[in-house]
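Visitor: Predicted model, plus sequence, below.
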Amino acid sequence: MRTPPAIRTGLENFLDSPPDALQNRKWGLLYNPASVDPDLRLAPALLHEQFPENLVALFTPQHGIFAAKQDNMVESEDATDPETGLPAYSLYSKTRVPTDQSFAKINALVVDLLDVGTRVYTFMYTLSHCMEKAAKRGIPVVVLDRPNPIGGTLVEGGILDPAFASFVGRFPIPMRHGLTMGELARLFNEEFGIGCDLTVVPMSGWSRDMLWEDTGLFWVPPSPNLPQAASALVYPGQVLWEGTNVSEARGTAMPFLMCGAPFVDPGEVLARLSPEDTAGVILRPCAFEPTSNKWEGALCAGFSFHVTDPKAFRPVRLSLRLLEAVCRLYPKSFAWKQPPYEYEYERMPIDLILGTDRVRKALETGEPLDPILADWEQQAREFEALSAKYRLYPEGA
């Protein structure tokens, strides 16, 4: 018999006691296939069953109604939810901003999305655009909170420079932000001036030191290339390979849990890393052959990531050091990915991902990355102080 989960999500608490702000209103629901209860029933079906007169429209973020669309700039169309028959409006199509037409049927918005703890994950920006639209229309937004799968105690990476804002980095927050979706909504609403009528339905039983496996919940991939919770743990660092010609192992069974390229010698790269770089993780030299995406059909050499101590592991630092080693060792083979990337056609993808051009320019000119890492550490501490007042959960049971 399965052990009951250690926590209750915002969805479960909402079903028990919906906020007064939603009484006698017509709701839209922003969700995706990871928006489930502990028995893996989808939020739209649960809400439609319990509140059949209230739920009238659905909205979906990047990757579509079934979370099946691969990669960035692969759009999904409006659809009809097969279980409820409700219209499902895509917010990753010709526009990433909800239209007046799609909001015309609703006078309240419920949001149930799983964030993965990394600045470049687009779901939080879809939420922010919906909050802005709701503020303009004077309708309430209710966010049903879910765990940050990589925990809420560690903050890592530099704060995004607004000059490099995009759909993979809309606000000045660090790469690993340490917040839940509900806490992000509170931060966005207050710090960045959205000013909507916001209610967060919190979880019960979640604490900041919990990783996904501590929650007792099933992992449902929120997007195709995060097939397991372990993928989310390395993602804050491994996502930077999207801005290069090194494979992040898309087109394999282990995206983001491996990286490599045909020109890489794992031994040479490993020799350039320090014990501080590899704290809490074993880098196993490996080879893989992507069936799609970068280096399709080519044998890539690189590493498989095996996290042994999540509290010591620093994914941003490690992947940055790996990038530094690969860039310096193989200058004739290594290359930056060229635009477009997430609907940006001029700025370099790596700059958008990292929220700065300092790293790229330092690597191109041979300058050390240590000053950047030191600055990022200070920025992370500053963000911790700023975000503390928006946190809803304690650290430790």
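Guide: Thanks, I have it. Numbering: from 1, shown residues only.
Visitor: burial count for residue 24?
Guide: Neighbour count of residue 24, defined by other C-beta atoms under 10 Å: 8. Glycine gets a C-beta too; all of them are placed from N, C-alpha and C.
Visitor: per-residue confidence at it?
Guide: Residue 24 carries a pLDDT value of 91.
Visitor: Assign it to helix, strand or coil.
Guide: Under the three-state scheme (DSSP: H, G, I helix; E, B strand; the rest coil), residue 24 adopts coil.
Visitor: I'd like to know how far it sits from residue 139.
Guide: Distance, residue 24 to residue 139, using C-beta to C-beta, to the nearest Å: 13 Å.
Visitor: Summarise which helices and strands the lengthiest helix in the chain is packed against.
Guide: Longest helix in the chain, counting residues (DSSP state H): helix 370-387. In this structure, helix 370-387 packs against strand 156-159, strand 174-176, helix 181-191, helix 315-329, helix 358-365, with contacts taken as 3 or more C-beta pairs under 8 Å, 6 or more residues apart in numbering; DSSP states H and E.
Visitor: Okay, helices next: where are they in the stretch 101-250 of the chain?
Guide: Counting by DSSP state H, counting those that start in this stretch, the segments of the stretch 101-250 of the chain that form helices are 123-137, 181-191, 212-215, 229-238.
Visitor: Reformat the helices and strands packed on helix 370-387 as JSON lines; add distance to residue 146, mean pLDDT and mean neighbour count.
Guide: Formatted as JSON lines, those follow (distance: least, C-beta to C-beta, whole Å; pLDDT from 0 to 100; neighbours: other C-beta atoms under 10 Å):
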{"stretch": "strand 156-159", "distance to residue 146": "21", "mean pLDDT": "97", "mean neighbour count": "25"}
{"stretch": "strand 174-176", "distance to residue 146": "17", "mean pLDDT": "98", "mean neighbour count": "26"}
{"stretch": "helix 181-191", "distance to residue 146": "6", "mean pLDDT": "98", "mean neighbour count": "22"}
{"stretch": "helix 315-329", "distance to residue 146": "21", "mean pLDDT": "98", "mean neighbour count": "22"}
{"stretch": "helix 358-365", "distance to residue 146": "31", "mean pLDDT": "98", "mean neighbour count": "16"}
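Visitor: Nearest to residue 33 among those would be which one?
Guide: helix 181-191 (15.6 Å; C-beta to C-beta).
Visitor: Give me the contacts around the closest one.
Guide: The contact list for helix 181-191 (C-beta atoms under 8 Å, 6 or more residues apart in numbering) reads 10, 111, 113-115, 123-124, 127-128, 131, 141, 143-146, 152, 171, 173, 177, 179, 194-196, 198, 200-202, 386-387, 390-392.
Visitor: got it, and stretch 169-176?
Guide: So stretch 169-176 is contacted by 117-120, 124-125, 128, 150, 154-162, 165, 187-188, 191-192, 236-237, 315-316, 352-355, 376, 379-380, 383 (C-beta under 8 Å, 6+ apart).
Visitor: how close does the residue most central in space within the chain get to residue 235?
Guide: Nearest to the mean C-alpha position of the chain, by C-alpha atoms, centre = their mean, lies residue 121 at 3.1 Å. To residue 235, residue 121 is 8 Å away according to C-beta to C-beta.
Visitor: Same question for residue 317.
Guide: For residue 317, the distance to residue 235 - C-beta to C-beta - is 14 Å.
Visitor: And residue 21, by the same measure?
Guide: Distance check for residue 21 against residue 235: by C-beta to C-beta, it reads 34 Å.
Visitor: Strands along the protein, start to end?
Guide: 27-31, 55-60, 79-80, 87-90, 108-112, 141-144, 156-159, 174-176, 198-201, 258-261, 281-288, 300-307 (DSSP state E).
Visitor: My read is that residue 336 contacts residue 350, right?
Guide: Yes: contact between residue 336 and residue 350 holds when scored by C-beta atoms under 8 Å: they sit 5.5 Å apart.
Visitor: Give me the nearest residue to residue 214, chain neighbours excluded.
Guide: Spatial nearest neighbour of residue 214, excluding adjacent residues (C-beta to C-beta, 6 or more residues apart in numbering): residue 6 at 6.4 Å.
Visitor: what's the answer for residue 21, then?
Guide: Per C-beta to C-beta, 6+ apart, closest to residue 21 is residue 140, 4.4 Å.
Visitor: Repeat that for residue 68.
Guide: Residue 68 sits nearest to residue 224 (C-beta to C-beta, 6+ apart), 6.6 Å away.
Visitor: Run through the residues that contact the one you found.
Guide: 63, 67-70.
Visitor: Relative to residue 292, how far out is it?
Guide: 11 Å.
Visitor: How about residue 137?
Guide: Taking C-beta to C-beta, one finds residue 137 at 41 Å from residue 292.
Visitor: Also residue 71?
Guide: 9 Å.
Visitor: Kindly point out which residues are neighbours of both of the two.
Guide: With C-beta under 8 Å, 6+ apart as the test, residue 71 and residue 292 both reach residue 250.
Visitor: The two - which one has more neighbours?
Guide: Taking other C-beta under 10 Å, residue 71 and residue 292 do not tie; residue 71 has more neighbours (15 against 12).
Visitor: check contacts around the more buried one.
Guide: Counted by C-beta under 8 Å, 6+ apart, residue 71 has contacts 225, 250, 293.
Visitor: which sections of the chain are below the confidence cut-off?
Guide: 1-2, 73, 397 (pLDDT under 70).
Visitor: According to the record, where do the domains of it fall?
Guide: The record's domain split for the chain, according to automatic domain parsing, is 10-224, 229-356.
Visitor: so can I have TSV of those domains showing distance to residue 369?
Guide: Formatted as TSV, these follow (distance: least, C-beta to C-beta, whole Å):
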stretch	distance to residue 369
domain 10-224	11
domain 229-356	6
